[in-house]
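K.L.:
could you look at this predicted model? Sequence included:
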Amino acid sequence: MRFDEVRAGAASIAPMLVGVVPFGLVAGATPAANGFSVWAAVGLSSIVFAGASQLATVDILANGGSAVLAALAACTINLRMLLYSASLAPLLAGEPLRRRLGAAYLLTDQAYAVSITRWTAEGDRPEGRIPFYVGGGLLLWAVWQASTVVGALIGSAVPDSLPLDFAVPLVFLVLLVPAVTSRPAAVAALAGGGAAVAAAEAGAGPLSVMVGAVAGIIAGATTEAAVERRRPDPTEAAP
Amino acid sequence: MSSVWVAILLAGAGTFAMRASFLVAASRLAVVPPFAQRLLRQIPPAALASIVAPALLRPGGDFGLFQPRLAAGLLAALVAWRTRNVGLTLAVGLGALVALQAL
């Protein structure tokens, strides 16, 4: 295990914890506030390990929905994990299965975003990928578990006047900016963001992230194909 | 078993299956065809923008252009673009939001 990469992964995730801790406190406090046990909060955080879908599960059960309906809603919200899995798969293809399964368990928006940024930048070395991923992913996991337990026991202790929830879009913004490296990437981002907002306006709820992502992927890929048709040399297609 | 645990186990199994999907198949996908590479290249900008845009344009579930979160987000985007510094972007973005909300 390369410890410099483990440290680098943890350092990439560290600023994101500003947004993760308040969200974890809410994710822990919500089951308790709806009459479920602390163990249900712990079970959600350790077994499902995906904030928005944990809240949706509790909300549906608390409103009398069935377990199957709650699980379906949670899985729908987490559909974007399919995209992250597909995006990371070629980069981790050389790793043994047990490591890829471990990486799958730790896969979150945050772990995906910092990893794809690092692994598509200059200086990426395949042997450093898993240590980097584990350093970031495990730190996020530990902080998520701890903050949900604290939230379940004492409630979400963050005052509403402190808008720490805004830290979540801000950290993804920092990763979005360098991801927009070409015209197709800019089209993917604009179409994705626009479609996500439109889907949310139409009432798609948490599913709007997935709707936006798919729309952005199609728009970006179409643009890339059009750019390459105009300039047959593929080395010039992505400046 | 109570329904909450059934829901947790089903949601957990389904979520893990989606997380593992392509990662498990990765060893057989060592050579990714060009059209699939083209789709995969779009995932980071498309997915990240899909998370960011609604948070800036629909805070609290209502669409609006003249509100503090979009203004603070645009300022933070400028800082992110010029510095690539997460800590500084967070400080400027959160600070601007607090300041604008206090106005």
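P.N.:
Perfect, I can see it now.
K.L.:
quick one: low-confidence ranges for chain B?
P.N.:
Residue ranges of chain B with pLDDT under 70: B:1, B:29-30.
K.L.:
would you list every one of the helices in the chain?
P.N.:
If you meant another chain, say so; for now it's chain A. Taking DSSP state H as the criterion, chain A carries its helices at A:3-13, A:17-33, A:38-43, A:51-62, A:67-77, A:80-88, A:97-105, A:109-119, A:129-154, A:167-179, A:183-201, A:208-230.
K.L.:
oops, I was thinking of chain B
P.N.:
B:3-25, B:34-57, B:68-83, B:86-102.
K.L.:
ranking the ones you listed by burial, who's on top?
P.N.:
helix B:34-57 (a mean of 24; mean count of other Cβ atoms under 10 Å in any protein chain shown). In this view, the C-beta of every residue, glycine as well, is placed from N, C-alpha and C.
K.L.:
re the thing from before, could the helices of chain B be laid out in JSON lines, adding distance to chain A?
P.N.:
Output for the helices of chain B, formatted as JSON lines (distance: least, Cβ to the nearest Cβ, whole Å):
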{"stretch": "helix B:3-25", "distance to chain A": "3"}
{"stretch": "helix B:34-57", "distance to chain A": "3"}
{"stretch": "helix B:68-83", "distance to chain A": "5"}
{"stretch": "helix B:86-102", "distance to chain A": "4"}
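K.L.:
so which of those comes closest to A:G203?
P.N.:
Among these, the nearest to A:G203 by Cβ to Cβ is helix B:34-57 (12.5 Å).
K.L.:
next one: the spatially most central residue of chain A, what pLDDT does it get?
P.N.:
Nearest residue to the geometric centre of chain A (Cα atoms, centre = their mean): A:D109, 1.0 Å. As predicted, A:D109 sits at a pLDDT of 94.
K.L.:
could you measure from it over to chain B?
P.N.:
In this view, A:D109 and chain B are 7 Å apart by Cβ to the nearest Cβ, to the nearest Å.
K.L.:
does that residue touch A:V171 like I think?
P.N.:
No - look at A:D109 against A:V171 with Cβ atoms under 8 Å: they stay out of range, at 9.5 Å.
K.L.:
what is the neighbour count of B:L65?
P.N.:
Taking other Cβ atoms under 10 Å in any protein chain shown as the criterion, the count of residues near B:L65 is 8.
K.L.:
an error on my part: the question was meant for B:R84.
P.N.:
13.
K.L.:
which ones are touching it?
P.N.:
A:V174, A:V177, A:P178 (Cβ atoms under 8 Å, 6 or more residues apart in numbering or on different chains).
K.L.:
I'd like to know which of those are buried.
P.N.:
Buried residues within these, counting neighbours by 16 or more other Cβ atoms under 10 Å in any protein chain shown: A:V174, A:V177, A:P178.
K.L.:
how much space between the closest residue to the first one other than its chain neighbours and A:A179?
P.N.:
Distances taken as Cβ to Cβ, 6 or more residues apart in numbering or on different chains put B:A80 closest to A:V174, at 4.5 Å, once the chain neighbours are dropped. Remark: distance between B:A80 and A:A179 (Cβ to Cβ, to the nearest Å) = 11 Å.
K.L.:
before we move on, what about A:L44?
P.N.:
Using Cβ to Cβ, one gets 30 Å for the distance from A:L44 to A:A179.
K.L.:
between the two, who's got more neighbours?
P.N.:
A:L44 (30 against 24).
K.L.:
I figured the more buried one hits A:A32, correct?
P.N.:
No - using Cβ under 8 Å, A:L44 is not in contact with A:A32, being 11.3 Å away.
K.L.:
find the nearest non-adjacent residue to A:A86, please.
P.N.:
Of all residues not flanking A:A86 in the chain, B:F22 sits nearest, at 4.2 Å (Cβ to Cβ, 6+ apart).
K.L.:
wait, isn't that neighbour in contact with A:A89?
P.N.:
Yes - between B:F22 and A:A89 there is a contact under Cβ under 8 Å: 4.0 Å.
K.L.:
that older thread, ok, the residue nearest to A:A86 - contacts?
P.N.:
Residues in contact with B:F22 (Cβ under 8 Å, 6+ apart) are A:L82, A:S85, A:A86, A:L88, A:A89, B:L29.
K.L.:
tally of neighbours for the fifth one?
P.N.:
Which is A:A89. 24.
K.L.:
for it, give its distance to chain B.
P.N.:
In terms of Cβ to the nearest Cβ, A:A89 sits 4 Å off from chain B.
K.L.:
surely that residue touches B:A26?
P.N.:
Yes - because the distance of 4.0 Å satisfies Cβ under 8 Å, A:A89 is recorded as touching B:A26.
K.L.:
if we can go back for a sec, dump the helices of chain A to CSV, plus distance to B:T15.
P.N.:
As requested, these are exported to CSV (distance: least, Cβ to Cβ, whole Å):
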stretch, distance to B:T15
helix A:3-13, 20
helix A:17-33, 14
helix A:38-43, 13
helix A:51-62, 7
helix A:67-77, 6
helix A:80-88, 7
helix A:97-105, 10
helix A:109-119, 13
helix A:129-154, 14
helix A:167-179, 19
helix A:183-201, 20
helix A:208-230, 13
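K.L.:
the ones you listed: which one's closest to B:P59?
P.N.:
Here helix A:167-179 is closest among the helices of chain A (Cβ to Cβ), at 9.4 Å.
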